[in-house]
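Enquirer: Here is a sequence with its predicted model. Questions after.
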Amino acid sequence: MPDSKVVAVEDLSTSEAKWVKLKKCRYQDPTGKERVWEFAERPTRSSSGVDAVAILALLRSEANAFPPSTIIIEQFRPPVDRYVVELPAGLISEGETAEETAIRELEEETGFKASGVVETSPLLVCDPGMTNANMKLVTVDVPFPEKLEMPAQQLDPGEFITARIVELAKLQAELKDYQKKGFVVDARLDHLAAGFELAEKLRQPKL
């Protein structure tokens, strides 16, 4: 199958936009002066007040048959015209909690079924100068009695996602290899990998 690519870009009026809306707000700075700011927002936000989740799946063997691992995905992202490496993620549907969305999206995008939620982050923003979009990071437990097996994905029509299992201890190195191959790494995934690597370094007497 050939790679995806952007073939045309054109301006889009707000009235035609389905997934993103452009807004203008007026606010007061600390001196009392009124200022204007432009930003994008998702019109799909549910009544929960949360737009989306990203999912950190902890893949572990109850028999120590493989080292602690996680799953990352490769997906073409038209706004940057590149393949991006990121955590599984998805929009929260009306009536769903962040945790329910995380379990559902993980199974759809990767085939893995979580046994439960380990923790859910507070409300997070990723690009607050550009958009009011928000999310939560949901960490889920995916235990295996013995060896690790890759299940079948349950993708929707039009979704083209490649799922990969990566050892947590090797995550940062894997992301650097991706960058050498021309992929773009999602900032949230890179921050996670960098934090994990730094935590391991801090266990040593010297950095």
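Expert: Received it, and whenever you're ready, just let me know what you need. Numbers count the residues shown, from 1 in each chain.
Enquirer: Which residues in the longest helix that the chain contains does the neighbour count mark as buried?
Expert: As assigned by DSSP state H, the longest helix anywhere in the chain is helix 187-201. Buried positions in helix 187-201, judged by neighbour count with 16 or more other CB atoms under 10 Å: 188-190, 192-193, 197. Backbone N, C-alpha and C define where each C-beta goes, glycine included.
Enquirer: first to last residue in stretch 52-70, what's the distance?
Expert: 20 Å (CA to CA, to the nearest Å).
Enquirer: Averaged pLDDT, that stretch. What do you get?
Expert: The average pLDDT for stretch 52-70 rounds to 95.
Enquirer: How far does the longest helix of the chain sit from its chain's centre?
Expert: 15 Å (CA atoms, centre = their mean, to the nearest Å).
Enquirer: of the buried residues of helix 187-201, closest to L155?
Expert: Comparing the buried residues of helix 187-201 against L155 with CB to CB picks out L189 as the nearest, at 19.9 Å.
Enquirer: how near is that closest one to E38?
Expert: Distance, L189 to E38, by CB to CB, to the nearest Å: 28 Å.
Enquirer: Please apply the same query to E16.
Expert: Per CB to CB, E16 is found 18 Å from E38.
Enquirer: what ranges do the strands span in the chain?
Expert: 21-28, 34-41, 52-61, 69-77, 82-86, 89-91, 116-120, 124-125, 134-144, 161-167, 184-185 (DSSP state E).
Enquirer: among these, which is the most enclosed?
Expert: The highest average neighbour count among these, using mean count of other CB atoms under 10 Å, belongs to strand 52-61 at a mean of 22.
Enquirer: angle of it against strand 161-167?
Expert: 50 degrees (axes from the mean of the first three to the mean of the last three CA atoms, to 10 degrees).
Enquirer: picking that back up, what would the strands of the chain look like in CSV with distance to Q153?
Expert: Shown next, in CSV, are the strands of the chain (distance: least, CB to CB, whole Å):
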stretch, distance to Q153
strand 21-28, 31
strand 34-41, 29
strand 52-61, 13
strand 69-77, 10
strand 82-86, 15
strand 89-91, 13
strand 116-120, 21
strand 124-125, 26
strand 134-144, 15
strand 161-167, 6
strand 184-185, 21
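Enquirer: Mind checking these for the one nearest to K5?
Expert: Across the strands of the chain, closest to K5 is strand 69-77 (CB to CB), at 8.0 Å.
Enquirer: Give me the residues contacting that closest one.
Expert: Strand 69-77 is contacted by residues 3-4, 56-60, 82-88, 106, 109-110, 112, 148, 160-168, 171, 174, 183-184, 189 when judged by CB atoms under 8 Å, 6 or more residues apart in numbering.
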